[in-house]
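Colleague: build me a structure from this.
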Amino acid sequence: MHYRTLGKTSLRPSVIGVGTWQFGGEWGVNFTQPQVDAILDAAAEAGINFIDTAECYGPDHLSEKFVGDYLARRDRSKWIVATKFGHHFNSFLNRTDDFTGAGVQAQLEASLRALRVETLDLYQFHSGSDEWFQNEKLWTMLAGQKRAGKIRHLGLSIMQKGSEFQARTAAQFGVETLQVFYNRLDRRPEQIYFPAARENHLGIIGRVPLASGLLTGKYKPGATFAANDVRSQMDADRLQRDFVEIARLQKEEVPAGVSLAHWALAWCLKDPLVAAVVCGCKNPDQMRANAAAAALVAA
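Modeller: Modelled structure (predicted):
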C-alpha cells in the first residue's frame, strides 16, 4: 500500500480508501455488522487506513453506526475517518437537505455518536447548492467546532453535476480537501476542479473511481440492476454508451495481463494531486482486490 499527503492537511491516507455508501442498504445488499467487520478487517490487513462515510448513508446514520461499532472494537488511531453533512435520509434515494448552522451542528453530534469517536479527521460539505455553500454562518459554526476539537479538517464533496464556483472559493471558507466524481469515463474534474486544487493546495479525493462498478468488467451490455440498487436509476442510453467506451479502453489502453479494475483505479491516481480514491465493495474479496491495485500506483 502507498500513502499520500492530502493537500496541506497532516493526513496521510492510503491511496485506496473504503467507500461505505453501500453499508446504508442502497446498493442491493442489507449488511450485517459481521459482514462490515470482515470488509474493514480485510482493508486493514491490506494497509488501508481511510474510511469515507456520510450521515445520509442509510436510515438513522446506519453506515456510520456500522463503522463506529467496528472502530469501538479496534485501534481507532490507525484509521482516518471522514464523513459528510447536509442531508437527512428519508427513504431509498430520498433525502432532505439541511445545511443550516443548527442543523449541521446537530448532524455533527449525531455523527460523532454514531461513529463513536471524539474527533472527525475530515468533515465534508456534501453535495449542496452554491447558495448553501456561501452560508458564512455555517462555516463560522464549523470553525468553532474545529477549535473545540471535534473536527480536524474541513472538506467539500462536490455533487456529480458539479460546481466550479465551490471548488474555486473553497479555501476562503477553510476547506482543505475536494472530493470529486472522477474516473476514466468522466475526466471533467481535470478541467473543472484540479486547477483550483493546485492553486490553493487542496487535496483531491476521487470517488466512484470504478464508475459504479462498470469499470470492473463484471457488467456487460444489457446488464440490469435490482430495484433496491442505486444503479437501477442509471440512464439506459448512457449506460450502453459507457459499455462501448469500456470495450475501447480494454482494447486500446489497458495493458495486457492487467485487470480492468486495477488499471482503472491506478489511472485515477496517476496524478499525485489525487491523494486517494474511495471504493465501495460488497465483500472482503472485493476489498482485497481493490487494495491490490496499489501495486500499480507510484508512491
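Colleague: can we go C-alpha only for contacts and neighbour counts from here?
Modeller: Fine.
Colleague: below-threshold pLDDT in the stretch 151-299 of the chain: ranges please.
Modeller: Within the stretch 151-299 of the chain, the segments meeting pLDDT under 70 span 160, 222-224, 229-232, 299.
Colleague: any idea where the strands of it begin and end?
Modeller: Ranges of strands within the stretch 151-299 of the chain are 151-157, 175-181, 203-207, 274-279, based on DSSP state E, counting those that start in this stretch.
Colleague: measure residue 240 to residue 228 for me?
Modeller: 21 Å (Cα to Cα, to the nearest Å).
Colleague: would you mind giving the strands of the stretch 151-299 of the chain as CSV with mean neighbour count and distance to residue 52 added?
Modeller: Formatted as CSV, the strands of the stretch 151-299 of the chain follow (neighbours: other Cα atoms under 10 Å; distance: least, Cα to Cα, whole Å):
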stretch, mean neighbour count, distance to residue 52
strand 151-157, 24, 11
strand 175-181, 25, 10
strand 203-207, 27, 10
strand 274-279, 27, 7
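Colleague: could I get those strands as CSV with distance to residue 118?
Modeller: Below are the strands of the stretch 151-299 of the chain laid out as CSV (distance: least, Cα to Cα, whole Å):
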stretch, distance to residue 118
strand 151-157, 9
strand 175-181, 20
strand 203-207, 23
strand 274-279, 23
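Colleague: and of these, who's closest to residue 17?
Modeller: Of all the strands of the stretch 151-299 of the chain, it is strand 274-279 that lies closest to residue 17, at 4.4 Å by Cα to Cα.
Colleague: near residue 79, how many other residues are there?
Modeller: The local packing of residue 79 (other Cα atoms under 10 Å) involves 17 other residues.
Colleague: dump the residue contacts of it.
Modeller: 49-51 (Cα atoms under 8 Å, 6 or more residues apart in numbering).
Colleague: please, where are all the helices along the stretch 51-200 of the chain?
Modeller: Taking DSSP state H, counting those that start in this stretch to define them, one finds helices in the stretch 51-200 of the chain at 62-72, 101-115, 130-133, 136-147, 164-169, 189-192, 194-200.
Colleague: for residue 295, which of those is the nearest?
Modeller: For the helices of the stretch 51-200 of the chain, the distance to residue 295 is smallest for helix 189-192, at 23.5 Å, taking Cα to Cα.
Colleague: show me what that closest one is packed against.
Modeller: Helices and strands touching helix 189-192, by 3 or more Cα pairs under 8 Å, 6 or more residues apart in numbering; DSSP states H and E: there are none.
Colleague: show residues contacting it.
Modeller: Contact with helix 189-192 is made by 164, 180-182, as judged by Cα under 8 Å, 6+ apart.
Colleague: any idea how far the residue lying closest to residue 72 once chain neighbours are set aside is from residue 9?
Modeller: For residue 72, ignoring the flanking residues on the chain, the nearest one in space by Cα to Cα, 6 or more residues apart in numbering is residue 116 at 6.6 Å. Distance of residue 116 to residue 9, computed by Cα to Cα: 23 Å.
Colleague: also residue 141?
Modeller: For residue 141, the distance to residue 9 - Cα to Cα - is 20 Å.
Colleague: and residue 209, by the same measure?
Modeller: From residue 209 across to residue 9, the span is 22 Å (Cα to Cα).
Colleague: higher neighbour count, the two?
Modeller: Per other Cα under 10 Å, whichever of residue 209 and residue 9 has more neighbours is residue 209, with 28 against 16.
Colleague: quick one: that one and residue 279 touch, right?
Modeller: Yes. Taking Cα atoms under 8 Å as the definition, residue 209 is a contact partner of residue 279 at 6.8 Å.
Colleague: got any residues that touch both of these two?
Modeller: In contact with both residue 209 and residue 279: no residue, using Cα under 8 Å, 6+ apart.
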